[in-house]
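[1] Following is a predicted model, sequence given first.
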Amino acid sequence: MNYEQITICLILGIVLVLFIWGKWRYDLVAFGALMVTVLVGLVPANEAFLGFGHPAVITVGAVLIISRGLSSSGLLDILTGKISSLSDQNPGKHIGVLGGLAGGLSAFVNNVGALAMLMPVALKSARQASYSPSLILMPIAFASILGGLVTLIGTPPNIIVASFRQTTSGEAFGMFDFAPVGAPVALAGFVFVTFIGWRLIPSRRRGEDNAGDLFDVSAYITEIRVMEGSSLIGKGMKGISEAFEANNAKPLAIIRSEDRQQIATWIGRIRVGDILIVEAPAQGLDKLVSSLDVELVGTGSEAADDLNSGDLALIEAVVSPGGMIENRTADSLNLSNRFGVNFLALSREGSATRARLGKVRLKAGDVLLLHGLESQMSSTLSQLGCLPLAHRGVRIASPERAWASIAAFGAGIVATSTGLISAPIALGLVAVAMLAMRSISLREAYDAVNWPVIVLLGSMIPVGGALQTSGTTDLISSGILVISSDLSPVIVLILVLLITMTLSDIVNNAATAVIMAPISVNLAYNLGVNPDAFLMAVAIGASCAFLTPIGHQNNTLVMGPGAYRFLDYWKMGLPLQLIILAVSIPLILLVWPL
């Protein structure tokens, strides 16, 4: 090994360790790796940022914008609601209906977006049927991942593999070139999770409460009335907050003449007779009442109902991977003053807490209970990088515009499938058309793009290129061939799929595809066989991350709402990956013969 090969292997080794450790977000790690490769001369300085203009990056960004545009139209929400009504009290049927919809949508829209639409429906239907959401959330998340195997735009690894093929051979995979292998694999996986897989998951009910609510707010929400002579009279928002903080309590909202306003956005002064909705421990109520000269007028469900009425709303939301709020504390974000929301409770892996919430560093998959203005909650959650766990009840504001968006998307799919226009150009035109028709606003388009994933791809593509230009891919391929010298190319193909699956379970699937695509092609060339078969194995393996909550964003998103433990993913994920292995290898050999 020469200097360049040793250096790139060391950099990639550190990157993989940091990805697994998770101390720093993956986009920061990837961009740091890019900067280091430039400093040590592995990537020329004038080529450092070419990855951000790579067709794969443009395609992923366009798909995310289109997915948001279709979702914003309201048509997908209505379709989701109508199909979900077909399910009954049987978990298998719920999974069959919602999982089938998730998989179907994920073939053409971002699978994280598809899961985000279906998760509130799944939670609501599970609660109505009186069984644990844990039985259906993971299977639906897995079904959504499986749906992405079918088309070019279904998942980032497919896009990366197609772009890499175009770079090396001059031809990219078409829109449905993945379907002959991906569709049967997705179907086999879907049948497993629908009829068998969900039975392997422990049934857990968060809090074991009858209503199935994630948090019981009535236990610590109280209403007090300001009496004559109270020290609160004449105080504004800041003075009220300081007075309650001194008594280990927190004001949430004010009621004056049936008008309810959140304290964080309220402008005024306290008067006699005002009613304050307060978060306070039961054991400190007597001290609170006497020290502030107030009267206790409501506790429990009455106070909780007032907190969730009028213009105010209680919202359960899950922290998305890569969201602004991930790895930060509520205090550092100043949630109350900056975003106008109160952070009332946190649930992590099935355990709810209210202790020292402002100091807790939030993780992807955490479920938060937030309180604020209902009209602003949607945009606030989008800014924070959280997904609501309650159905939004979206209506179509303009049916003509919604159908026009779907027509534009369909035209883009046809143009790409027939080879008339390349995928990045066709999907870019669809995104522009949606913006021109005002199916989605410019702000929504920017919010729709998962920028951490874009930074990850734009950074890792040049690093993957350095893997090739330094000769490291040839070195790794030669090493694998030496180890497997007595094995047939079919066995090597199986090893590529297994290695890719394993890597994807511990690092981001897009990064896995960037690393494994050039290695697999070099292996194929050295064996003298068809490289397309090995690229298909990489596409399948990089997308099928089912063993850990960190392998795919969907796995992370359902961890909190489903109260899953790390090993719960193995119970259904391991047999599913074995099924995928058994089904995909014969299909790859049939469709893309060696």
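    Everything's here; your move.
[2] okay, Val161: pLDDT?
    pLDDT for Val161: 94.
[3] Count the neighbours of it for me.
    For Val161, the neighbour count with other C-beta atoms under 10 Å is 32. C-betas here are computed from N, CA, C, even on glycine.
[4] Leaving aside the residues adjacent along the chain, what's closest to it?
    Ala539 (4.5 Å; C-beta to C-beta, 6 or more residues apart in numbering).
[5] Quick one, grab the pLDDT at that neighbour.
    Predicted confidence (pLDDT) for Ala539: 96.
[6] Could you name the helices and strands sitting against whichever strand or helix holds Leu288?
    Leu288 belongs to helix 285-292 when assigned by DSSP states H and E. Here helix 285-292 touches strand 221-226, helix 237-245, strand 294-299, going by 3 or more C-beta pairs under 8 Å, 6 or more residues apart in numbering; DSSP states H and E.
[7] And that helix, what's buried?
    Neighbour counts over helix 285-292 (16 or more other C-beta atoms under 10 Å) mark 285, 288-289, 292 as buried.
[8] repeat for stretch 162-179
    162-168, 172-179.
[9] Could you export it as CSV, CA atoms only?
    Once non-C-alpha atoms are left out, stretch 162-179 reads as follows in CSV (Å, rounded to 0.1, in the frame of the first residue of the first chain):
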residue,chain,number,x,y,z
ALA,A,162,-27.5,4.6,-11.5
SER,A,163,-25.3,7.7,-11.6
PHE,A,164,-22.1,5.6,-10.9
ARG,A,165,-23.0,3.3,-13.8
GLN,A,166,-23.4,6.3,-16.1
THR,A,167,-20.0,7.6,-15.0
THR,A,168,-18.2,4.3,-15.6
SER,A,169,-20.1,2.9,-18.7
GLY,A,170,-21.9,5.9,-20.2
GLU,A,171,-25.3,4.5,-19.5
ALA,A,172,-27.5,5.0,-16.5
PHE,A,173,-30.1,2.6,-15.2
GLY,A,174,-33.6,3.5,-16.3
MET,A,175,-36.6,4.4,-14.1
PHE,A,176,-37.9,0.8,-13.9
ASP,A,177,-34.7,-1.2,-14.5
PHE,A,178,-34.7,-1.9,-10.8
ALA,A,179,-38.2,-3.4,-10.8
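[10] Show residues contacting it.
    For stretch 162-179, the surrounding residues in contact (C-beta atoms under 8 Å, 6 or more residues apart in numbering) are 54-56, 59, 149-154, 158, 161, 413, 416-417, 419, 422-423, 517-518, 521, 531-532, 535-536, 539.
[11] Which of those residues fall in helices?
    Among these, DSSP state H puts 55-56, 59, 158, 161, 413, 416-417, 423, 517-518, 521, 531-532, 535-536, 539 in helices.
[12] May I have the phi/psi pair for Val360?
    Main-chain dihedrals, Val360, degrees, to the nearest 10: phi -80, psi 130.
[13] neighbours around it, how many?
    Using other C-beta under 10 Å, Val360 has 17 neighbouring residues.
[14] Please report the distance of it from Ala219.
    Val360 is 19 Å from Ala219, where distance means C-beta to C-beta, to the nearest Å.
[15] Perfect, that will be all.
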